[in-house]
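Q: this is the structure alone, sequence omitted:
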């Protein structure tokens, strides 16, 4: 493949202003205030911990941000091969003018101070958005988020529903739900009403999606209200059995799908995470997966809700072919980004190629940042665009004699156009 | 890799006359009569449906072929990235002289008419065979196919056995079996006799293989005749239990393997399809898969029938390494083509490379078309040959200093030589 | 990618003196004495058998070595595409000056004789070690190996524990254990004592690891001593139930992990092999796998033993992403080589890239030979180094502007440095 061709395509993709369709940004504190906000991202803490830094040193209560960065830097050399550290370097270079080959004991303090100065500029958040060519960023809001106090035309609310589906047996969740909706759970109908209220609230605040992450063994089924009401009563008195908890999860999940249908919201499914596999891990660095999962577990759901669009992410790259095939067949299944453990070039390349070769181009959301702090969009989208440009150059311009313009248009559709139409 | 080297290898492979070892051709109507026969292939109808075209518009009873093509063309732009649409363009270019970049509202009618004219030529079928360099095409015949009225030296009969293994509980299947064999099912022995008659019929008409597609959870086991006779009696009176149906499937399947041994026929296993996952999908666009399947499910079968050759296709690319490893160890396992959802370049490349690196070269059937209409062999084999030429150039000539001639010989063996010896 | 760049990197990696961290070398007969020792390696016998050579011809009792080679040579042409035969050719070229393109009926006898002459030189073993740049070779010793009569500074003992975990119900295993330790099994405590004695013996002889290969369905759990004592009593009187056997396996396995903690030994886990799947296969050519396995089965173990390092190998390439992710999160998980059915370039490439992109560089053991005879290290490490050089050139120097020196240092760390620190 000609490097010149690939670079021309890449350059055009880099000019595109982006909408990031999935993040964990806190819109009240979107940008970082110190380098510790960036290096405190779980990718760095968990990799440093994996390389031998004790969790207690990383998560010491009251730890000064600069000291935290200093401790993490001691492990950076062990991680310098990772794509995640390449993101860190790219952020430091692009945002803070860092020019060395690596961050180490000799230069991190100067970098920390320079970053601090830059981040203290009053319009830092706006600078990051502009430099990253970010027009809008989708959020992942707790169900009881008031959704006020931020610009919902830039930070797009999305209803995160993990707590509702998997943690309703916890008193805390039910209290939050009651507080958010004014509805006490007494039976299945009250639960449906409460969820309906959440959707009203989110829709009226411009929400564009409902989202959830799901364990590998989840297989949604419809459950009758008459099964659920007694479970809701039992909930208050005792621990649920595994079967009861599973029925309740299914009922809430199915209700969410019904609400998505009613409120015309896409339902983002992020399939495959096992929570707390490594219990002594750092914050957000405890989750893993079991590749023994199949999209056939969603057969009944996908058939029952033809009117709901399901943008689907899979955690295991071994699930990507199923995602491609289900998107190829089901009108309501859309491929969505490259998630977490699959978000490294070795997997993105094959996953991206297979999707572009077999899924209608209008049904592919190329990438989302999944970021917690705004600075991460730049290096993450940058990594994806380089891979996308390679694939467009090789599989379309070279293999099928497409014009460059046509390949670039395909790239732009995947990167942005589909985000606009799918989350219309 | 040098493009010149790859092109020289490709050019030699393109000169080779082919035997297509697996298709769904109807030998009484092998070639298309209108563009609707081509665009009615389920890949186009299901992708158009996936991109939003209602099934009712695609499958409207009595729909005029030209109108059908017109409707499908409205969605082609959404699919123009897919490898399947690249096949369509290649067919239109090579067979009908189409010269535009894409098929759209401005040019499809002229194309339709030109194709119609070409297809109306009296020797169209022969033209396609010759232009595609096809010498023989294997069929997939229903068990009650009379196998008469066509040239069995060009269209090679193969006994498809899905109905026998999985649909014997349906009265219709048993009636067809009784009609085809003159044997009414009364007990296990009569069932074995009936299946034996089918083999006699197929063998005497030049059949070269027995074939079946299998669901991901199928695991063949021997079942005694004394278990089966009561099930055959129950069959007429009531619905079978899941266990009974499974025993019956195993018994029929095992009997087929015994007949393959007796009649020296290879038994094509196509492993991994779940039927009717998307029930509202278009015709033949409803099937998907569950990647949680393993070739170890066939351990007992492969050990029990060392004298039967099993050319095996796997639906999930995640099964390819098992296929490679089982073919590397079991003398009676042969790798067979790149099936359906794995039949896209992103998967063929890795699957093809791994097979060439680890399976004896005499035990690999490179490719089959799986086509329903004769025109598809040309673009499908063409796609495969390009990938094969890349792999030969890179992994053999460049990595191991093979001469081009030797690499080309390997390619020809995979493409044709092995088809001749394995289905001798 | 520039070939010159890759070749410069490769050349530096080729200069590195190696420690091979996993082999099946017999230190009393490390090198081959005839070509039959090399071609008798199960890769060649099983591939020749797979290509049609009857097992009886390969394993005929009392077969003359030269005759055995002659028989295997008749099948070499059918296997000449395989990476395994490329190793054979590389050995013959580098060690015996073989210059032809292939080994066939016209040249094998001369080759056999030349090899015999070379192997008869008194210092052949030393020559192989030197030419292969091998400084040390890890063994895989039976638990009752006396570990005497060889140089344990070159041949490093490792305690293989398959028999203890999976074959204790066999009287022969218990007799070997009693003989090696002087302890008769009477209850759980005596079993723990016996295992402790083995660790003392191995540690005092310089052992650097405990190792085991595990079936795909194994999921270690702690089992109480009070559960085990009655099972040990039952063992002598009758066949254990599957549950009892499984409990006993878990107890022994868990005890091994405890001993690894106590004796500061890494515990090599080789996950995923099903033994004797093809029962009529040649010696060591009967094992395969079931890809339906997950590292989540080891969750409890990895949490329970944070102080034990687990270098993990996976048999199925579809498990590689789990291995990458678990190594990324768990401090005590280390990626270990490319095992058996995954040890071909098509799989090594992606597996190697994904590890280098996401696992701390200090937690990766690049490669081991898994060899039975010393001559195999040369072509196997050579294959791996070529792939590693490609990845370093492409993913680090080109994609991230690393200096060549830095990329080479990473390569050396993966190839050797980590072996030294992990098995310190």
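A: Structure's in. What do you need? Quantities reported herein were computed from a predicted structural model and do not represent experimental measurements.
Q: helices and strands around the worst-scoring helix or strand of chain A on mean pLDDT, which ones?
A: Within chain A, no helix or strand scores below helix A:225-237, which has a mean of 94 by mean pLDDT, DSSP states H and E. Packing partners of helix A:225-237 (3 or more Cβ pairs under 8 Å, 6 or more residues apart in numbering or on different chains; DSSP states H and E): helix A:188-204, helix A:242-263. The way it works is simple: take the backbone N, C-alpha and C, and place the C-beta from them, glycine included.
Q: try it again at 10 Å.
A: Applying 3 or more Cβ pairs under 10 Å, 6 or more residues apart in numbering or on different chains; DSSP states H and E, one finds that helix A:225-237 contacts helix A:171-181, helix A:188-204, helix A:242-263.
Q: quick check: next helix or strand after the longest one?
A: Okay, so that is helix A:242-263. Per DSSP states H and E, the first helix or strand lying C-terminal to helix A:242-263 is strand A:267-271.
Q: quick check: can you name the pairing partners of that following strand and their directions?
A: For strand A:267-271, the paired strands and their directions (DSSP bridges) are strand A:209-214 (parallel), strand A:310-314 (parallel).
Q: hey, which of those strands is tucked in deepest?
A: Stretch with highest mean neighbour count among the strands paired with strand A:267-271: strand A:310-314 (a mean of 26; mean count of other Cβ atoms under 10 Å in any protein chain shown).
Q: how big is the angle separating that strand from helix A:242-263?
A: 140 degrees (axes from the mean of the first three to the mean of the last three Cα atoms, to 10 degrees).
Q: verify the contact between residue A:390 and residue A:350 for me.
A: No - Residue A:390 is not in contact with residue A:350 according to Cβ atoms under 10 Å; the separation is 11.9 Å.
Q: show me the contacts for the residue most central in space within chain A.
A: Nearest to the mean C-alpha position of chain A, by Cα atoms, centre = their mean, lies residue A:370 at 3.5 Å. For residue A:370, the contact set (Cβ atoms under 10 Å, 6 or more residues apart in numbering or on different chains) comprises A:20, A:22-24, A:140, A:270, A:313, A:337-340, A:343, A:376-377, A:380.
Q: count of residues packed around the closest residue to chain C within the stretch 151-300 of chain A?
A: Nearest to chain C, among the residues of the stretch 151-300 of chain A, is residue A:290, at 4.3 Å (Cβ to the nearest Cβ). Residues near residue A:290, counting by other Cβ atoms under 10 Å in any protein chain shown, number 21.
Q: any idea of the pLDDT on it?
A: Listed pLDDT for residue A:290 reads 98.
Q: over to the one 10 residues further on?
A: For residue A:300, the pLDDT comes out at 98.
Q: next, count neighbours for it.
A: Neighbour count for residue A:300, taken as other Cβ under 10 Å: 15.
Q: ok, now residue A:55?
A: Count around residue A:55 with other Cβ under 10 Å applied: 17.
Q: just confirm residue A:82 contacts residue A:44, I think it does.
A: Yes - using Cβ under 10 Å, residue A:82 makes contact with residue A:44 at a distance of 9.4 Å.
Q: name the residues contacting each of the two.
A: A:76, A:88.
Q: returning to what we had before: looking at the contacts of residue A:370, which is nearest residue B:148?
A: If you rank the contacts of residue A:370 by distance to residue B:148 using Cβ to Cβ, residue A:313 comes first, at 53.4 Å.
Q: which positions within stretch A:238-253 qualify as buried?
A: For stretch A:238-253, a neighbour-count test (16 or more other Cβ atoms under 10 Å in any protein chain shown) marks A:240, A:244-253 as buried.
Q: who's in contact with that stretch?
A: A:161, A:163-169, A:188, A:191-192, A:195, A:212, A:214-215, A:217-225, A:227-228, A:230-232, A:234-235, A:267, A:269, A:301.
Q: no further questions, thank you.
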